[in-house]
Each structure stands twice: as structure tokens, then as C-alpha cells.
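Asker: With the sequence up front, the predicted model follows.
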Amino acid sequence: MKTTYFLILSLFAFFACKKEEDKKSVLIEELSKSEWRKSSILYSADSVAPDTIPTISPAVLLCQSDNIWHFNASTNTFVLDEGPTKCNAANPQIKDEGVIEDLGNGARLRVEGGGTNEIWEIESRTSSSFRVSYFGKVGSQTRKLRVTFSKI
């Protein structure tokens, strides 16, 4: 009788663990296959209605345009590398790192690190680029940002 219970419990544990493995994020798996750069950054011109983008202002600094985003699907982490051109010579090479979490089966991505705490709404995604929007600080005001990442 104990052997039967042990066998049933073992099978249950096996299938429970198998089910957990199947929940890997397709979004994170795809992002982790490449390195990415921000190719376009747009933000709302005012903070009165930050849930809309009534007027778009481009914002890509040369020193930010070569930053490299690495996503790791096996650890659900990211690393933001400063790239060869630094905005400040004293900046460390690793600009930020932290965890990523797929929210809503690829519809949203939580990106949380030492200097990053954002929830990216995935607006579009192809094999060579993806576009997200999120709320963030531009200067001292909260703005809605729309960022396009391109595969390196």
C-alpha cells in the first residue's frame, strides 16, 4: 500500500514539475536569441495626459544609441551594457542589470533592475525589431515613451 501511494505521489510530482517547465515565456525566449539596441525613442511632449502621446518628440542621444540589451531566458534576467560610447567616462560598462518577467503571455514585460523599474507594453514584434511603450521620467516629468529596439 505504501508503495502505491509513493508511486502515485511520484507521478504527481513529475507531472507538476513538467507543467512548470512548459510555462517558459516565448517572448523572453525570442528576445534572448539576439542582442538589441534602442533605435528610436519617442516620448509625449507633455505630462498632462501621459496615457496618450499627443505630440511626439524624438530623443536618442549618441551615447545611448550604442547601448546593448542582453536578455537571458534561462535566468529571466537582463544586462544593459553601456556600449563603446559612454555618456560619462566614469560610467561603469554594465549600466544596469536585473530581472525580467513576462506578464500576460507576451503582452507585457516587467523589466526591473538597479536603475530600471518599468512595465513594457509590447506593441509589435518581428524577428528583427520590437516596439514597446511605458511610462518613465523625462527630466522631472512622467511621460509616455515609445521605444523601438532593433536586432544587432
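Answerer: Perfect, I can see it now. Residues are numbered from 1 along each chain as shown.
Asker: ok, which stretches of this structure are strands?
Answerer: Using DSSP state E, the strands assigned to the chain run over residues 35-44, 56-58, 68-72, 77-81, 94-103, 108-113, 117-125, 129-138, 141-151.
Asker: Present those as CSV; the columns should include distance to residue 26.
Answerer: Using the backbone N, CA and C atoms, a C-beta is placed for each residue, glycine as well. CSV is the format used below for the strands of the chain (distance: least, CB to CB, whole Å):
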stretch, distance to residue 26
strand 35-44, 16
strand 56-58, 30
strand 68-72, 13
strand 77-81, 17
strand 94-103, 8
strand 108-113, 12
strand 117-125, 10
strand 129-138, 13
strand 141-151, 17
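Asker: Where does the prediction get shaky in this protein?
Answerer: Scanning the chain for pLDDT under 70 picks out 1-23, 46-61.
Asker: Centre-most residue in it?
Answerer: Residue closest to the mean C-alpha point of the chain, counted by CA atoms, centre = their mean, is residue 111 at 4.7 Å.
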